[in-house]
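S.K.: Quick one, what's the 3D model for this:
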Amino acid sequence: MSDLAFASATELAAAVKRRDISAVELLKMYLARVDEYNGALNAIVVDVRERALEEAAAADRAAAGGGPLGPLHGVPMTIKESYNLAGTPTTWGNPDWKDNIAGEDAEAVKRLKAAGAIIFGKTNVPLSLADFQSYNDIYGTTSNPYDHDRIPGGSSGGSAAALAAGLTGLEAGSDIGGSIRNPAHFCGVFGHKPTHNLVWMRGHSPPGDIRSTSDISVIGPMARSAEDLDTALRQMAGPDPIRSRGFRLDLPEFPTEGLEGLRVAVWNDDAQCPVDTEVRARVDAVAEACRAAGAEVNASARPAFTAAESHEVYQNLLQATMASRMPEESYESLQRYVDRLDPADASEAAKVFRAQTSSFRTWKAYNERRDHLRWHWHQFFEQHDVLITPVMPTAAFEHDQRTFGERTIRVNNEERPYFDQVFWAGLTGVSYLPSTVIPTGLNGKGLPIGVQIVGPEYGDLVTIGAARALEAEGFAFVPPPAYL
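M.R.: Numbering: from 1, shown residues only. Prediction:
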């Protein structure tokens with residue numbers, strides 16, 4: 001049954017619809033794998049199997065009835081812990097919220113269920129979704145299924161680990177600083193960060209009925225195939241009830257059957273955030289595959305701004321948004337600390353603290369600069385269909401749970417600041433662009449390396465379509481040997 005465990009959600013749904021396997025049998029197969037493997041991996045931290053078994057039985061009755069079935073009918077899936085799932089805790093890894101029990105499902109969860117998915121659990125996250133690693137004082141540490149001594153990424157680390165280990169059929173994560181993309185890269189799966197506000201985020205928020213959309217942050221699918229990303233995104237996406245009075249979802253489709261004629265730009269490295277030689281080589285390998293398949297590849301094209309400018313805008317908007325999630329007491333303490341800072345202090349730490357407590361006037365100025373970036377990207381994507389870039393500077397690194405100030409990352413044998421790693425996510429995320437991560441295979445240590453395919457705003461199906469075409473060229477999910 002291990003082959004079935006690593007099948008795509010598309011293949012699983014087809015098997016249930018053909019009655020090759022029942023939804024109950026399929027769910028029990030995944031639950032058996034959870035019981036066997038999850039203890040050491042610690043990817044799935046909330047279990048609602050009894051409820052899921054009842055829903056799977058209902059799915060089987062519906063299949064037997066011969067009526068129309070959704071595209072995810074009978075597919076067992078898990079979701080990131082930060083989504084509301086009725087009757088379960090939504091803590092974001094914060095012990096202060098361990099008793100925050102959701103009263104109803106998140107809107108995206110409702111849509112996935114309406115498509116036929118059977119949700120049987122939730123997956124681990126870091127404290128406040130604010131790390132490249134996934135550990136917290138409630139649920140403990142999640143490991144990478146390719147090497148338990150290494151991280152799975154964050155903040156959707158449990159999501160990626162569960163997918164890669166064959167413990168679930170599909171996943172849903174979230175992303176503000178690469179939280180879908182870096183776990184997909186570290187665990188060798190597919191992930192899609194949608195265009196900002198393409199998927200309604202209600203029910204993915206800290207405690208409280210928060211209906212507004214957080215700046216930069218998005219929610220989106222993670223899977224073992226590009227086709228699954230397409231299917232899941234089409235179910236999750238669409239305007240909220242207010243916008244739906246006048247807006248309809250009409251995303252442009254991938255423009256070609258394969259890669260021939262696709263206009264591909266490549267940004268394989270940058271002094272702002274250098275990447276390991278092996279990571280750069282994978283970006284180049286994907287670019288070469290595009291060229292060999294008939295795509296037009298341009299390795300020097302760049303939008304009309306500097307990387308440093310974009311990163312400055314991103315860091316200021318990101319820090320303000322992240323600080324808005326702080327408990328009131330913590331935020332007030334931070335404000336008092338900033339008030340005591342020497343006005344001449346231009347250290348990186350001081351810049352971060354000031355950004356976290358910035359005035360609306362300051363935020364508005366950076367938001368205006370962001371809109372200039374967005375228009376530069378718009379002009380760039382009039383000349384190019386997609387852009388290929390790294391996701392992170394390295395493959396998965398070893399667990400490091402020291403305080404943030406003590407951590408570094410080694411890139412090409414040089415120590416770099418830990419949070420420099422957010423650069424490649426922020427380069428495109430700050431401007432609301434969609435990005436699809438594809439696996440490129442394992443390195444010499446047996447660790448996955450991914451790359452991201454970026455497109456213009458609302459070019460989500462284009463980047464996923466490019467991912468599907470590259471998957472057909474061999475850039476596909478490779479199961480971790482220990483889980484076969």
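S.K.: C-alpha from now on. contacts and neighbour counts both.
M.R.: Noted.
S.K.: any weak-confidence spans in the stretch 1-150 of the chain?
M.R.: Filtered on pLDDT under 70, the stretch 1-150 of the chain yields the residue ranges 1.
S.K.: Can you give me the distance of the residue minimising distance to the centre of the chain to Gln356?
M.R.: Against the mean C-alpha coordinate of the chain, by C-alpha atoms, centre = their mean, the closest residue is Ile180 at 1.2 Å. Distance, Ile180 to Gln356, using C-alpha to C-alpha, to the nearest Å: 23 Å.
S.K.: Show me which helix runs longest in the chain.
M.R.: Using DSSP state H, we find that the single longest helix of the chain is helix 360-380.
S.K.: Packing partners of it?
M.R.: Under the contact criterion of 3 or more C-alpha pairs under 8 Å, 6 or more residues apart in numbering; DSSP states H and E, helix 360-380 touches helix 307-323.
S.K.: got the angle for the helix it packs on vs helix 360-380?
M.R.: 130 degrees (axes from the mean of the first three to the mean of the last three C-alpha atoms, to 10 degrees).
S.K.: Report the buried residues of whichever helix or strand comes after helix 307-323.
M.R.: With elements assigned by DSSP states H and E, the helix or strand that comes after helix 307-323 is helix 328-339. The neighbour-count check on helix 328-339 (16 or more other C-alpha atoms under 10 Å) flags Tyr331, Leu334, Val338 as buried.
S.K.: How far does helix 328-339 sit from its chain's centre?
M.R.: Relative to the chain's own centre, helix 328-339 is displaced by 30 Å; criterion: C-alpha atoms, centre = their mean, to the nearest Å.
S.K.: Also stretch 218-231?
M.R.: So, by C-alpha atoms, centre = their mean, the centroid of stretch 218-231 is 9 Å from its chain's centroid.
S.K.: Could you break this structure into its assigned domains?
M.R.: Domain ranges of the chain: 2-257, 307-376, per automatic domain parsing.
S.K.: May I have the distance across the shortest one, first residue to last?
M.R.: Start and end residues of domain 307-376 are separated by 12 Å (C-alpha to C-alpha).
S.K.: Also the first one?
M.R.: According to C-alpha to C-alpha, domain 2-257 extends 32 Å from its N-terminal end residue to its C-terminal end residue.
S.K.: again, but for stretch 241-257
M.R.: First-to-last residue span, stretch 241-257, C-alpha to C-alpha: 34 Å.
S.K.: Same question for stretch 402-422.
M.R.: 18 Å.
S.K.: got the buried residues for it?
M.R.: Under 16+ other C-alpha under 10 Å, the buried positions of stretch 402-422 are Thr408, Ile409, Val411, Arg416, Asp420, Gln421, Val422.
S.K.: and the third one, what are its bridge partners?
M.R.: According to DSSP bridges, Glu414 are recorded as the beta-bridge partners of Val411.
S.K.: quick one: contacts for it?
M.R.: Val411 makes contact with Pro274, Val275, Asp276, Pro393, Thr394 under the criterion C-alpha atoms under 8 Å, 6 or more residues apart in numbering.
S.K.: Do a quick rundown of the strands in the stretch 101-250 of the chain.
M.R.: 118-123, 135-136, 140-141, 171-175, 190-193, 218-223 (DSSP state E, counting those that start in this stretch).
S.K.: Does anything pack onto the fifth one? Which helices or strands?
M.R.: Counting contacts by 3+ C-alpha pairs under 8 Å, 6+ apart, strand 190-193 packs against helix 181-187, strand 218-223, helix 226-236, strand 435-442.
S.K.: In contact with the closest residue to Asn412 other than its chain neighbours, which residues?
M.R.: Spatially, and ignoring its direct neighbours in sequence, Asn412 is nearest to Asp276 (5.2 Å; C-alpha to C-alpha, 6 or more residues apart in numbering). For Asp276, the contacting residues are Pro393, Thr394, Val411, Asn412, by C-alpha under 8 Å, 6+ apart.
S.K.: And Asp276, what's its pLDDT?
M.R.: pLDDT recorded at Asp276 is 98.
S.K.: Phi and psi next, for it.
M.R.: phi -60, psi 150 (degrees, to the nearest 10).
S.K.: Tell me if I'm right that Pro274 and Pro393 touch.
M.R.: Yes. Contact criterion C-alpha atoms under 8 Å: Pro274 and Pro393 qualify, at 6.4 Å.
S.K.: okay, how far is it across stretch 151-170, tip to tip?
M.R.: 20 Å.
S.K.: re earlier: quick one: the longest helix of the chain to chain centroid distance?
M.R.: 23 Å.
S.K.: so Ser8 touches Asp230, yeah?
M.R.: No. Here Ser8 lies out of contact with Asp230, judged by C-alpha under 8 Å, at a distance of 12.0 Å.
S.K.: how far away is Gly66 from Asn136?
M.R.: Gly66 is 45 Å from Asn136, by C-alpha to C-alpha.
S.K.: who has more neighbours, those two?
M.R.: Asn136 (19 against 9; other C-alpha atoms under 10 Å).
S.K.: Mind listing the residues bridging to the more buried one?
M.R.: If you apply DSSP bridges, the partners that Asn136 bridges to are Gly140.
S.K.: Does it touch Ala130 like I think?
M.R.: No. In this structure Asn136 lies outside contact range of Ala130 using C-alpha under 8 Å: 10.7 Å.
S.K.: Can you give me every residue that contacts the residue nearest to Gln356 when sequence neighbours are not counted?
M.R.: Excluding the flanking residues, the one nearest Gln356 by C-alpha to C-alpha, 6+ apart is Ala320, at 4.3 Å. The contact partners of Ala320, taken as C-alpha under 8 Å, 6+ apart, are Ala355, Gln356, Thr357, Ser358, Trp363.
S.K.: What separation do you get for Glu398 and Asp250?
M.R.: 43 Å.
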